[in-house]
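Peer 1: give me a 3D structure for the following:
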Amino acid sequence: MVNIAVEVVTFIDALGVALVITLIPFFTKELGVDAFGFGAITSIYGLCQIIGGCIIGHLSKFNVSRKSILLVSSFGSAISYALLLIRGNIYTLVLSRFIVGFIKQTSTSCKVGNSSIR
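Peer 2: Presented below is the predicted three-dimensional model:
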């Protein structure tokens, strides 16, 4: 049985990621970042995603509900995307990528939720 709410949350999350990923090259060029800096900024997200996934996995041992994880993930993503809009300097851009990498574990928790339902 497929939970429609989980599928909708996953779709909205993927849509947000797709919209932001396409804008980051323009934001880094606007701030005067070279190709190495662009690669470093985009790699920060992946590194933080791995670490954040391990933290969320560890928290699930302590009976933290998936609903609360999804809420924190959504609000954290919203804060990160708001920082991305501000992007007055390179530090806010990097901070935004750190936050979204650590906190945005929507797809991870949705995959776990779907596997526990089946």
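
Peer 1: contacts, neighbours, all on C-alpha from now
Peer 2: OK.

Peer 1: which of the residues in the helix or strand containing Phe75 are classified as buried?
Peer 2: In the assignment (DSSP states H and E), Phe75 maps to helix 66-86. Buried positions in helix 66-86, judged by neighbour count with 16 or more other Cα atoms under 10 Å: Arg66, Ile69, Leu70, Val72, Ser73, Ser74, Gly76, Ser77, Ser80, Tyr81, Leu83, Leu84.

Peer 1: now swap in stretch 86-100 and tell me
Peer 2: For stretch 86-100, by 16+ other Cα under 10 Å, it's Arg87, Ile90, Thr92, Leu93, Val94, Leu95, Ser96, Arg97, Phe98, Ile99, Val100.

Peer 1: per-residue confidence at the second one?
Peer 2: Put plainly, it is Ile90. We note a pLDDT of 90 for Ile90 in this prediction.

Peer 1: my guess is it contacts Leu31. True?
Peer 2: Yes - under the criterion of Cα atoms under 8 Å, Ile90 makes contact with Leu31 at 6.6 Å.

Peer 1: which elements pack onto the helix holding Phe75?
Peer 2: The elements that helix 66-86 packs onto, with contact taken as 3 or more Cα pairs under 8 Å, 6 or more residues apart in numbering; DSSP states H and E, are helix 90-103, helix 106-117.

Peer 1: sounds good, over and out.
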